Every structure is written in structure tokens, then in C-alpha cells.
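Chemist: Give me coordinates for this.
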Amino acid sequence: MVKNSHIVLAVILILGAILMPGCGAAQAKNGNTVQVDYTGKLADGTVFDTSVGREPLEFTLGAGQLIPGFEKAVLGMKVGEKKTVTIPADEAYGPHRDEQVVELSREELPSDLTPQVGQQLVVTQQDGRQIIVVITEVSDETVTIDANHPLAGKDLTFEIELVKIQ
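Modeler: You can find the predicted model right below:
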């Protein structure tokens with residue numbers, strides 16, 4: 001009877017390994033280069049970005065290439081695993097900072113520029129770095145620009161599927 005119980009246990013373990021694929025599969029960890037398919041949505045359901053119809057997004061976990069909340073969501077996932085996560089603004093693009101919204105006199109702009117709301121401009125800072133700003137208001141005398149990331153201050157929801165761990 002004891003010998004048979006060892007055989008039964010061995011059969012159960014083998015069947016468990018066959019019937020439960022993914023058990024013991026590698027999990028994504030810092031230093032791994034991974035590929036993911038994703039769709040990013042705002043709170044109202046608006047899709048702001050997706051890899052659907054394109055190549056999966058490839059990045060190295062822990063290298064700081066993506067927003068912290070996205071990397072944290074992928075950590076520990078297994079190939080083929082899917083999840084939906086909501087990333088708070090402070091783990092995404094940070095809060096919307098009022099000090100990054102500036103009103104300029106139209107005289108400070110190039111004379112050949114006809115500013116329009118929604119228009120993006122590249123601004124060179126004093127240290128030589130370039131940033132993208134968006135025109136948010138236009139009047140006869142002034143133009144208001146916003147240097148915040150367009151997703152700053154927003155919680156983001158991502159549907160993520162881990163496609164590959166390298």
C-alpha cells in the first residue's frame with residue numbers, strides 16, 4: 001500500500017505539471033528585457049496610447065525607461081499573463097504643476113508665429129535643454145503655454161500582457 005501511494009503521488013505531481021502550465025514559469029524581474037502589449041486609458045475610458053497593431057513595447061525593467069507605476073505593474077508577471085492596473089498620477093507623470101503654466105506677451109514670440117490653442121512648440125531653456133510646450137490660451141496681447149506633460153495629474157489605467165522575457 002505504501003509503495004502505491006508513492007506512485008499515486010508521482011502521477012499527481014506529473015499531471016499537475018502538465019495541466020497547470022505556467023506554474024514555475026519565469027517571472028519578470030529587474031534587469032530583464034521584456035516585451036508587452038498594452039492599452040492605456042484615462043478615467044473616462046479614452047484610449048491615449050496602445051501597442052495594438054504595432055510591435056510590442058520592449059524595455060528593461062528597473063532601467064527607468066518608463067513611468068514607475070508601469071514598471072512596477074510588469075514586475076512579477078509571467079509570459080502570457082494579462083492584467084489591468086490603475087496607476088496613480090504620482091507614479092505616472094506626476095501632478096499638474098501650476099508653475100509650469102506661463103503667460104507670455106505676444107511680443108516675446110517669433111513674429112512669424114500665429115499661435116493657436118493646442119499647438120505644440122519646442123522651447124529651448126537657458127541650459128540648452130529643449131522642452132515641448134502646448135499653447136492653452138491665446139488673446140490679442142498674450143499667449144499661455146503649458147510645459148506639463150499632457151498626462152500630468154491624471155490616473156492612468158493600463159491593460160498589459162507580458163509577451164516575452166529575454
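Chemist: How about the secondary structure of E71?
Modeler: helix (DSSP: H, G, I helix; E, B strand; the rest coil).
Chemist: Near it, how many other residues are there?
Modeler: 20 (other Cβ atoms under 10 Å). Any C-beta I mention is one placed from the backbone N, CA and C, and that applies to glycine too.
Chemist: Quick check: nearest residue in space to it, chain neighbours excluded?
Modeler: Computed as Cβ to Cβ, 6 or more residues apart in numbering, the closest residue to E71 that is not its neighbour in sequence is L61, at 5.8 Å.
Chemist: Quick check, that neighbour in contact with N32.
Modeler: Yes. Counting by Cβ atoms under 8 Å, N32 is a contact partner of L61 at 5.2 Å.
Chemist: of those two, who's got more company?
Modeler: Shown here are L61 and N32; by other Cβ under 10 Å, L61 has more neighbours (21 against 17).
Chemist: got the contact list for the more buried one?
Modeler: Going by Cβ atoms under 8 Å, 6 or more residues apart in numbering, L61 touches A28, K29, N30, G31, N32, T33, V34, E71, V74, L75.
Chemist: And for K41?
Modeler: K41 touches V47, F48, L156, T157, F158, E159, counting by Cβ under 8 Å, 6+ apart.
Chemist: Show the buried residues in those.
Modeler: Buried members of those, scored by 16 or more other Cβ atoms under 10 Å, are L156, F158, E159.
Chemist: got a markdown table for these, with pLDDT too?
Modeler: Shown next, in a markdown table, are these (pLDDT from 0 to 100):
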| residue | pLDDT |
| --- | --- |
| L156 | 98 |
| F158 | 98 |
| E159 | 98 |
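Chemist: of the contacts of K41, closest to G118?
Modeler: F48 (15.3 Å; Cβ to Cβ).
Chemist: Tell me the helices and strands packed up against the helix or strand hosting that closest one.
Modeler: Secondary structure assignment for F48, by DSSP states H and E: strand 47-50. If contacts are counted by 3 or more Cβ pairs under 8 Å, 6 or more residues apart in numbering; DSSP states H and E, strand 47-50 sits against strand 33-41.
Chemist: Kindly recompute the last result at 10 Å.
Modeler: strand 33-41, strand 156-165 (3 or more Cβ pairs under 10 Å, 6 or more residues apart in numbering; DSSP states H and E).
Chemist: what do L61 and N32 both touch?
Modeler: V74, L75, I165 (Cβ atoms under 10 Å, 6 or more residues apart in numbering).
Chemist: Out of those, who's the most crowded?
Modeler: V74 (25 neighbours).
Chemist: Now do the contacts for that one.
Modeler: By Cβ under 10 Å, 6+ apart, the neighbours of V74 are 27-29, 32, 34, 36, 38, 57, 59, 61, 66, 81, 83, 85, 158, 160, 162, 165.
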